[in-house]
Every structure is written in structure tokens, then in C-alpha cells.
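S.K.: Structure for this input, please:
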Amino acid sequence: MKQTKSRHLHWFKHDLRLHDNPALIDAAGAGQLLCVYVVDPRWFRPSHYQSSHMGKHRWRFLTESLACLDNQLNKLGQKLWIVYGDPIEQLSQLVDGYHVDKVTTNRHCGVYERQQWQRLKNRFGQVNFHETQSHTLFEPSQLPFELQDLPKQFTPFRKLVEKINIDRPIQGPSALPPCLESGETLLYGCTQSAFNQPQEVASFYQKLSGGETSALNQLNYYLFESQKILEYKQTRNDLEGWDFSSKISAWLANGCLSTRQIYAAIKEFEQRVEANESTYWLYFELLWREYFYWYAIKHQSRLFQLGGIQNKRPLTSFWPQRFARWCVGNTPYPIVNACMKQLNTTGFMSNRGRQLVASCLVHELNLDWRYGAAYFEQQLIDFDVASNYGNWQYLAGVGADPRGHRQFDLAKQTKIYDPNDEFIQRWNGEASHLPLDDVDHSDWPISWN
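M.R.: Have a look, this model is predicted:
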């Protein structure tokens, strides 16, 4: 009897790389393989918070990452098929049309992504679905607590996990099965329709281009070529420049690089060159990211609720003009204006800048934090759902901050981080002399003399 070749589909999501990709390694054992990425048209539509899920900077970085992945797959006799539409419907057609017997993917912490995976599994009970963990330092089984017992703050979490042995990243596949074939054409490769979304824009930072190749180059540059990692703790709060931080967050968010790859590189650097407080601090930042990943898994939809995980009801309202002026950098606060204009131009903002503009939106402008979080989701090329919404909850006083509702003195912060107004002048952040509001919160006109 002729044996039927197994037909596998690997669903790429936030794992746009070959190395340290256990789900792809699993798929490599198939007789035939389909590598698929789904572009959801809902990413480009406005959400409830006046922002879309995918802005032009994120889209530019993503398309570069997908092109790099396709090129790498080509070298192994494979290709990346990009389909455009509802993920469940598109993948269902592929599973049916190509008689797929196994679907592999890497676990995503997002609520919608997890729901999509479950719905797909429910639709095809006869198909083998295999999900692996590749976006974190630790496997769930390594955590020294049950998920429902995740510490409420970061510090207790860090103390419990920072001594856990972290697995080495795995090598990429040396070969992949041939592409699935079918009498009916269901796929059209990187279709033009998938890329007829917001126009691509050139990266303000030319080194900040998507893809695994650029990711590995930057990791090597920051650690071994420039050795800037040795100064990280001292420079990480700077507002601008290429070398003040690692810049790896965008590649990490898109899965062009895994957390374990970064950790392994840090340990190698410490063994070969030097270990100091700064090399530890980069690992410390990876632990913050790790905490928010499990935080999102545990709290699910509460990650997006006004009251956050603390179920508070912060006193806030929505003033459309205030939000619009915050978005474009036209507020009475120069440091905030400069940071927002930097974000809108580049898709990037420093960690210190993010804290300042978020504090401004929540405290000075008295706006709902979720509007700011949604705008960051649209604009930031390193958007990560867990870190973004977890950090916004933290600052709004409804999340994991033990102090709660912390506010930054913007004038004092400006003196510390931009004492000569160089950053403000570079980004034309001078204070707006226009009133914040033309109408009150009930839309009644305000009279200005």
C-alpha cells in the first residue's frame, strides 16, 4: 500500500525567524509543508480608541521582516505564502483544500490570537494541532508557581525566576520539506492585495529594518562590536541616539529574534569580555518583558479594561481635542511634544519618553489610558501587546505598580534628560500657546478672551 505523505501547515505569527523556532522544527518532519502568514484586514481599521492596530511604521517593519523570512525559506526550498483576510476563514480553506493533517504554531499571549487558535482547533477535530512556546525565556513547566499565583508585582516575580536555568536556543532547520501541492490553486504568494495597505515609509534609523538578518547583526553590534552593552545602565534613559539602548525590542516583538537568543548572547559576552551591572540590566529588562507575558496570559481581557487588573475606576473623561493634541505633539509640555513628534516620524520612542508622555496623558490631560495605549499600538514598531498594555496599566495605577498612579514632574524630567533643550529643539517641541480645549466634556463651547 502506498503511504500518504504527511501534510503540515506552519502558521507564522510573531516568530518570523528560522533559528530557535521549535514549532518550525516540528513542522520540518512533514512530508510536505505549507508556510503561511495571514494579514488580517482588521489591523488597518480604527478601533474603539480612534487608532488602528497597525500603523505605517509597524507595517513597514513587518513587510521587511516577511520579505527576509521568505528569502531564508527560499534557500531551504520553501517559500512564505501570505494570505489576506480573516485568519480563521483563510486557514480553514487551506486546511480543507490541501488536506492538511497537522498545524503547528508558536504560542501567542494575545486574547484574540488565543481565541483564533482555539476556534481553529474546534473546527477541525481530526487535525493534529501543536503549539509550542518560543516567545519567552521559560517554559510554563519551569515557573516555580501556578499561573494563577503569578506575583502581583514584578520584584517578587524576578526573585523567584532569575536563577532558573534557561534553555539554550535551538538551531534553525538545515532543510525543510517541499511545498504542498494541490490541483486547485488556493495560494498566490505575497499577493499585491496583502501589501496595498498604508504606504511603506523609509526608516528614520536606517539600521532599524525588519528581518532576522538585521536582528542578528544588531545584537552582535551592540554586544561584541561596539560593546555598548557595558554602558547600558548609564545610557538607557537617554532620549535619542542609536547606541544609548540595544534597539532589539522591535525585532523581539516581531519574533525576528528570540528572548533566549538574546540571553545566550549576553551570557557569552559576560564570559568572553566582561560582566558588570549593565550586562545584568539588559537581562533585567528581559525579565520585565517575561513578567508581562505571563501577566497577559493570566489576566487575559482584563489587560484592556479601564480598571485594569486591580478593578479600579480611575477618575477620567475623554476630551477629543486633548487627545488629538497629545497625538500630534501640540500640548503645553515641550518634552512631551518632542517625544510624540519623534514617535510619529520614526515609529520609535525611548523608554523614558514613553513614561513621560504616558504620565502626561493620564495626569496632566486626565484622559483614559486606553486611548494612549491604543495609539502606541498603532505607532510603535516594537509594539508588544503584553508589554504595552501592562506598562500603561502600571503607570495609570490600575496594574502591577505597588505605589500606584505615579506621576512624573515634566519640568524636572526635562532638566534632567534634556537640560539644554537640544532634543526639544530637534523635534520642534516648543509649547503650544493654544488652549487645550475649545469645548468642555459635554461638548459645550468654551469662551476664551
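S.K.: Run through the residues that contact Glu89.
M.R.: Residues near Glu89 by C-beta atoms under 8 Å, 6 or more residues apart in numbering: none. Placement of C-beta: from N, CA and C, glycine included.
S.K.: quick check, it in a helix?
M.R.: Yes - under DSSP: H, G, I helix; E, B strand; the rest coil, Glu89 falls within a helix.
S.K.: Extract the C-alpha set from the one helix or strand Lys412 maps to and format it as PDB.
M.R.: Secondary structure assignment for Lys412, by DSSP states H and E: helix 410-417. What follows is helix 410-417, C-alpha atoms only, in PDB (Å, rounded to 0.1, in the frame of the first residue of the first chain):
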ATOM      1  CA  LEU A 410       7.700  67.000  33.400                       C
ATOM      2  CA  ALA A 411       9.600  70.200  34.100                       C
ATOM      3  CA  LYS A 412      12.000  68.300  36.400                       C
ATOM      4  CA  GLN A 413      12.400  65.500  33.900                       C
ATOM      5  CA  THR A 414      13.200  67.900  31.200                       C
ATOM      6  CA  LYS A 415      16.000  69.500  33.200                       C
ATOM      7  CA  ILE A 416      17.500  66.000  33.900                       C
ATOM      8  CA  TYR A 417      17.200  64.400  30.400                       C
END
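S.K.: Can you point out the buried residues in the next helix or strand after it?
M.R.: As assigned by DSSP H and E, the chain's next helix or strand after helix 410-417 is helix 422-426. For helix 422-426, burial by neighbour count (16 or more other C-beta atoms under 10 Å) applies to Phe423, Ile424.
S.K.: as a whole number, average confidence for stretch 46-59?
M.R.: The average pLDDT within stretch 46-59 is 93.
S.K.: what do you get for stretch 260-270?
M.R.: Confidence for stretch 260-270, expressed as mean pLDDT, is 98.
S.K.: now it, how far from the chain's geometric center?
M.R.: With C-alpha atoms, centre = their mean, to the nearest Å as the basis, stretch 260-270 stands 21 Å off its chain's centre.
S.K.: From the contact counts, what lies against the helix holding Lys412?
M.R.: helix 334-346, helix 351-359 (3 or more C-beta pairs under 8 Å, 6 or more residues apart in numbering; DSSP states H and E).
S.K.: Looking at the ones you listed, which one is packed in the most?
M.R.: When these are scored by mean count of other C-beta atoms under 10 Å, the highest mean neighbour count falls to helix 334-346 (a mean of 24).
S.K.: Just the buried positions in the helix holding Lys412, please.
M.R.: For helix 410-417, burial by neighbour count (16+ other C-beta under 10 Å) applies to Leu410, Gln413, Thr414, Tyr417.
S.K.: I'd like to know how far the residue lying closest to Leu380 once chain neighbours are set aside sits from Ser141.
M.R.: The shortest distance from Leu380 to any non-neighbouring residue, by C-beta to C-beta, 6 or more residues apart in numbering, is to Gly347 (6.3 Å). Per C-beta to C-beta, to the nearest Å, Gly347 is found 36 Å from Ser141.
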